[in-house]
Structure formats: structure tokens, C-alpha cells
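Undergrad: Generate a structure from the sequence data that follows.
(one chain, ligands or ions: 1)
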Amino acid sequence: MHLPVVNLKPAIDATRGEWQAQLDAMFARGQFILGAGLAAFEQEYAASLSAKFAVGVANGTDAISLCLRAARVTGETITTALSAPFTGIAITSAGAKIKFADVDPETLQVDADDLGNRMTKRTAALVPVHLYGQPCRIDRIAKLGPMVIQDACQAHGAQFEGRPLTAFSDYVAYSFYPTKNLGALGDGGGIVTNRAGVSQRLRLLRDGGRKGGQVSYETGINSRLDEMQCCYLRAFLPHLPEWNAHRRRIAALYDEALSGCPGVRLVKRHGCSVSHLYVIRAARRDKLRAFLAERGIGTGIHYPVPLHLHPAFASAGQKKGSLPHAEKACREIVSLPVWPYMPESGAAEVAGRIREFYGGGA
Ligand SMILES: Cc1ncc(COP(=O)(O)O)c(C=O)c1O
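TA: So this is what the prediction gives:
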């Protein structure tokens, strides 16, 4: 069988007519940056997330970083040790001092208690991540006190217990990297908020501190979501609920087929997850990945090295052994195939191969 860990082609093919029409309209307008396509997408995206405002930017890293700049955060900022390196890069590039908290070993989401315990008088902001499409305990984190910037880069459409993520803080950052559960066909990012003042400030900062003219009022950056990416995003957005539902179905099939499998520990999810990634913990992880690869099954690791052990974040001063749950998880986790239009039979097939690897038969 051939089952890659992610396959964008079916979604691109299924929406060809829609994005082609958007591209035709864009060429007719002849504006490629900060045009009508972006304005329309921002409205449509905000509405889809039950938020008042959305601001399109160049990528998810900038989305987080611009939130920190908009909130004027330069002090200690705590995030999870288990995330994409870009979560950390966003924090350091905004000029803030980075520190990491450990994860809950059951869910792999940032541990709200550990986050609270690591806070000091100097803590200026928290950057919780909704990892793998599953909201973390944002209800508890929002009550800890400091400014909260949510990294929802992997969680388009996710809500926490029926409430939109904007109910918990004024800054929610997303990535439209192509493989995300809502992806462009290039880089892209966005921020949603319910506060008009926040959206205005973000619009200023993403466009060099300008207010539409050629005067910079402060040192913003150049980080705009271009019109061409908006064509794809506007075509894909109406399909997000159906694509998330398919991801959830695949995840449920994996849960069922892998439950009780020797060598496998399932990662706990709750009903709010949009299952951007399906991650398990596996004994002899690297051998399992090689076994699956030989049989045409792609896998990934999100992520192999906890952030406090990246040389780029040595300034946090958190050595090996300081965040044991994240460190152990990074040695065991493996992401299995999940994407819109993935055949449902694929989940049973992958699970069967995993059972075969561990000697339990298919
Ligand atoms: C959790 C998380 N945060 C931040 C980012 C950064 O997003 P981007 O690649 O669009 O800059 C990503 C994606 O790479 C991510 O998965």
C-alpha cells in the first residue's frame, strides 16, 4: 500500500473549480498584496471561528510574534516544551525571554499546573499551544494571570468545550502552512481577536508600522498574507468543517483499532480536538517507523527534540532532565497518516501493520 503521512492532492483536486475561480478574479483585479481577496478572507475566516476580527499575516511564526509585539511583551514568556521550534522562535524574535513548561503525560498538552508553578514575578506572558489540533486547558491557563497568546497553529476550527478560543484571550494565532488542517499553498498565517483595537494595531504592525500610506509610525515588520494564498484559503475554508469531521473519524478508527495493542499507548483526546495530527506513543518507535515505511506507510515525529534542548533556546537555562514528561514523549511519539479524503480503510490497515510489528497479529 502507499499511504503517506499527509497527502494534499485530493483536497486540492476536489476544490479546483473554487480556487480557479478565485484566481481568475484576482488576476482580473490585478492587485496582489493587501487587496480585496485578503479583506474578504479575513471576514470569512473570523466568521468561521465566531470571532469579530481576523488579520492575515505571512506565516504562523509571525502571527505569534506580532501578537507579542502588539501586546508589548518583552519579559519572561513561558510556553510548552513540546511544540514546533517556531513557537519558540516567535517568542525570541519578538524580544521576549523564553522559558518552558512540561506537558501532561496523558494528553501531551502543556500542563496547566506546571505552567502555574513555573511563573515568577517576572512572567509577562504565556504562550500555550493547542497541540495536534486539541485545545489545551485554556480555561485554567487563562486564569493564571499573565497575558495569554494562544498558539492555535495546528487547530483551525477547534473550540474549547463549545466556546471559541477568543473567549479565553485577545490573541489567537494560526498557521496556514500547507499541511495544517487549513493550509494555503505556500506560507500564510492569521490572528483572530474580538477586540477592534487589537486588530487595528496588528494591521499596523504587519505592514511596517504604516497606516496605508508611506509613513511608518512604529517599527512593525513586513508580514502580509498575499492575495494568491487568499484564493486557495477562500476555496478551502468552506470545507473545513467536513475535513475536520473526516480527521476525527480517522482518529476514532485508529483509537478503536489500536486500543489494547501491546507496545502502543494512546494519547488522550477530548471531544474538542480537530485531530490535525494523530499521535501515539510507541515502544521501539524508530524500528516501528522503519517497519511501516517498508510497507509504504508514512509516519512523522512531532517533535523529536523538546524545545528546551534546542541550542537556539539555551538562554532558558533548562537542562536535560528538567522537563521529564516532554523529554520522554519526544523519544516515543509517532504521527500516523491522517488527511482529508484519506480512505477510512487506511486506518485499519495501518493499525493492522502496527499490531503485526508488536507480534499481536492483524
Ligand atoms: C504549533 C506551531 N506553532 C507555530 C508554527 C509556525 O507556523 P509557520 O510554519 O506558519 O510559521 C507551527 C507550524 O510550523 C506549529 O505547528
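Undergrad: Spell out which parts of the stretch 1-150 of the chain neighbour the ligand.
TA: 59, 60, 61, 83, 84, 86, 87, 129 (CB under 6 Å from any ligand atom). Every residue, glycine included, has its C-beta placed from N, CA and C.
Undergrad: go again using 8 Å as the cut-off
TA: 59-64, 83-84, 86-87, 90, 129-131 (CB under 8 Å from any ligand atom).
Undergrad: Out of those, give me the two with the largest separation.
TA: Distance extremes for those: the farthest pair is 62 and 131 at 19.7 Å, using CB to CB.
Undergrad: who are the neighbours in contact with the residue in the stretch 1-150 of the chain positioned nearest to the ligand?
TA: The ligand sits closest to residue 60 of the stretch 1-150 of the chain, with a gap of 2.5 Å, by CB to the nearest ligand atom. Taking CB atoms under 8 Å, 6 or more residues apart in numbering, we find residue 60 in contact with 86, 90, 151, 153, 173, 174, 175, 176, 177, 180, 189.
Undergrad: what do you get for residue 322?
TA: The contact partners of residue 322, taken as CB under 8 Å, 6+ apart, are residue 308.
Undergrad: Let's see that with 10 Å instead.
TA: 81, 100, 102, 306, 308, 309, 316 (CB atoms under 10 Å, 6 or more residues apart in numbering).
Undergrad: Check residue 76 too.
TA: When contacts are taken as CB under 10 Å, 6+ apart, residue 76 is in contact with 91, 96-99, 118-126, 146, 316.
Undergrad: Mind doing that once more with 6 Å?
TA: By CB atoms under 6 Å, 6 or more residues apart in numbering, residue 76 lies in contact with 97, 99, 122, 123, 124.
Undergrad: would you list every one of the strands in the stretch 201-350 of the chain?
TA: 264-266, 278-282, 333-336 (DSSP state E, counting those that start in this stretch).
Undergrad: Mean pLDDT, distance to the ligand and mean neighbour count added to these, as CSV?
TA: CSV is the format used below for the strands of the stretch 201-350 of the chain (pLDDT from 0 to 100; distance: least, CB to the nearest ligand atom, whole Å; neighbours: other CB atoms under 10 Å):
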stretch, mean pLDDT, distance to the ligand, mean neighbour count
strand 264-266, 98, 21, 18
strand 278-282, 98, 13, 24
strand 333-336, 98, 12, 22
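Undergrad: Can you add distance to residue 6 and give those back as a markdown table?
TA: Output for the strands of the stretch 201-350 of the chain, formatted as a markdown table (distance: least, CB to CB, whole Å):
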| stretch | distance to residue 6 |
| --- | --- |
| strand 264-266 | 20 |
| strand 278-282 | 11 |
| strand 333-336 | 9 |
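Undergrad: Select, out of these, the one closest to residue 50.
TA: Across the strands of the stretch 201-350 of the chain, residue 50 has its closest neighbour in strand 278-282 (25.8 Å, CB to CB).
Undergrad: What is that closest one packed up against?
TA: Packing partners of strand 278-282 (3 or more CB pairs under 6 Å, 6 or more residues apart in numbering; DSSP states H and E): strand 264-266, strand 333-336.
Undergrad: swap the cut-off to 8 Å and go again
TA: Applying 3 or more CB pairs under 8 Å, 6 or more residues apart in numbering; DSSP states H and E, we find strand 278-282 packed against helix 240-258, strand 264-266, helix 324-332, strand 333-336.
Undergrad: Deepest-packed of the ones you listed, please.
TA: Highest mean neighbour count of the helices and strands packed on strand 278-282: strand 333-336, a mean of 22 (counted as mean count of other CB atoms under 10 Å).
Undergrad: for the helix or strand where residue 40 lies, packing partners?
TA: According to DSSP states H and E, residue 40 maps onto helix 36-48. In terms of contacts (3+ CB pairs under 8 Å, 6+ apart), helix 36-48 is packed against helix 16-29, strand 53-57, strand 189-193, helix 227-236.
Undergrad: how far off helix 227-236 does that helix point, in degrees?
TA: 40 degrees (axes from the mean of the first three to the mean of the last three CA atoms, to 10 degrees).
Undergrad: now helix 36-48, how far from the chain's geometric center?
TA: Relative to its parent chain, helix 36-48 has a centroid offset of 19 Å by CA atoms, centre = their mean, to the nearest Å.
Undergrad: ok, the residue nearest to residue 219 when sequence neighbours are not counted - contacts?
TA: Using CB to CB, 6 or more residues apart in numbering and skipping residues adjacent in sequence, the residue nearest residue 219 is residue 209, 5.9 Å away. Residue 209 makes contact with 216, 217, 218, 219, 220 under the criterion CB under 8 Å, 6+ apart.
Undergrad: Quick check: buried residues in stretch 160-168?
TA: Buried residues in stretch 160-168, defined by neighbour count with 16 or more other CB atoms under 10 Å: 160, 164, 165, 166, 167, 168.
Undergrad: Which residue does the stretch 201-350 of the chain have closest to the ligand?
TA: residue 302 (7.7 Å).
Undergrad: what about the residue lying closest to that residue once chain neighbours are set aside, distance to residue 353?
TA: Of all residues not flanking residue 302 in the chain, residue 335 sits nearest, at 5.2 Å (CB to CB, 6+ apart). Per CB to CB, to the nearest Å, residue 335 is found 15 Å from residue 353.
Undergrad: Check residue 2 too.
TA: 13 Å.
Undergrad: In terms of neighbours, single out the busier of these two.
TA: Comparing residue 2 with residue 353 by other CB atoms under 10 Å, the one with more neighbours is residue 353, at 19 against 8.
Undergrad: most centrally placed residue in this protein?
TA: Compute the mean C-alpha point of the chain, and by CA atoms, centre = their mean the closest residue is residue 154, 2.0 Å away.
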